[in-house]
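A.B. asks: the following block contains a protein sequence and its predicted model.
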Amino acid sequence: MPFTAKPEILSPRLKRGGKAFDDESLDLLSHVLDDFIRIPGTSIRFGLDGIVGLIPGVGDLIGGIASCIIIVAAWVRGVSYVTVTRMVANVAIEVLVGSIPVLGDMFDIAWRANRRNYALLVGSVDEPRKHTLQSWLFLGVVCLVLAGLVILPLLLLTWVFDGLFHALFGTSSHGLFHTL
């Protein structure tokens, strides 16, 4: 009797990412990066991301690169682009704010971008519509905050400039700009 090969049937999840991108591996990675060490006598937990973040200059960048593994896994597994963008925003927030000495490191430990991103990944696979809507809302709030960070300093500069103009010339700068 001749030998016949039978095709191997893999679940769609394993076909599109292998063992490295399965739920168990990604959960372990997010746990090691964000909360595998507990400070005795407290509920405060942190991981390698928080430890590496203490290295001035490059620590938060290294943590951000490690965090990209979960984002790549989400992309490979077909998570919606808006949710992947939200995951990138979570890591960007963690890296940018985490780069502030001491306070940033405390924020980094509290923010736990990897645990957030793992939850987004699993939730997006289970309930894609719900997480897509939540991601749009989150990104909308991020855009509003960024717009505020641009507009508020401009308003402050305008107010200071107007005060200086008034102090130097005894008039408001509004009249000058209206005549030009």
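C.D. replies: Looks like it came in fine. Numbering: from 1, shown residues only.

A.B. asks: surely G59 touches G50?
C.D. replies: No - here G59 does not reach G50: they are 9.5 Å apart, not a contact under C-beta atoms under 8 Å. C-betas here are computed from N, CA, C, even on glycine.

A.B. asks: neighbour count: the two, which is higher?
C.D. replies: G50 (24 against 20; other C-beta atoms under 10 Å).

A.B. asks: surely that one meets F107?
C.D. replies: No - here G50 does not reach F107: they are 10.1 Å apart, not a contact under C-beta under 8 Å.

A.B. asks: tell me the backbone dihedrals of the closest residue to F36 other than its chain neighbours, please.
C.D. replies: Using C-beta to C-beta, 6 or more residues apart in numbering and skipping residues adjacent in sequence, the residue nearest F36 is G47, 5.0 Å away. With angles defined as degrees, to the nearest 10, G47 sits at phi -130, psi -160.

A.B. asks: pretty sure G47 contacts L33?
C.D. replies: Yes - taking C-beta under 8 Å as the definition, G47 is a contact partner of L33 at 4.8 Å.

A.B. asks: okay, and the common contacts of these two?
C.D. replies: N114 (C-beta atoms under 8 Å, 6 or more residues apart in numbering).

A.B. asks: out of these two, which sits in the busier spot?
C.D. replies: Neighbour totals were compared for G47 and L33, and L33 leads with 26 against 22 (other C-beta under 10 Å).

A.B. asks: so the more buried one versus G63, what's the distance?
C.D. replies: 7 Å (C-beta to C-beta, to the nearest Å).

A.B. asks: where do the contact lists of these two overlap?
C.D. replies: Common neighbours of L33 and G63, using C-beta under 8 Å, 6+ apart, are 48-49.

A.B. asks: apart from its neighbours in sequence, what residue is nearest R116?
C.D. replies: Looking at R116 with C-beta to C-beta, 6+ apart, the closest residue is N90, at 5.2 Å.

A.B. asks: can I assume that neighbour is in contact with N117?
C.D. replies: Yes - N90 is within contact range of N117, at 5.6 Å (criterion: C-beta under 8 Å).

A.B. asks: where exactly do the helices run in this structure?
C.D. replies: Along the chain, counting by DSSP state H, helices occupy 12-15, 23-34, 48-52, 59-76, 81-98, 103-111, 113-126, 128-169, 173-179.

A.B. asks: what's in contact with the second one?
C.D. replies: Pointing back at helix 23-34 there. 13, 19, 45-50, 63, 66-67, 69-70, 73, 112-115, 117-118, 121-122.
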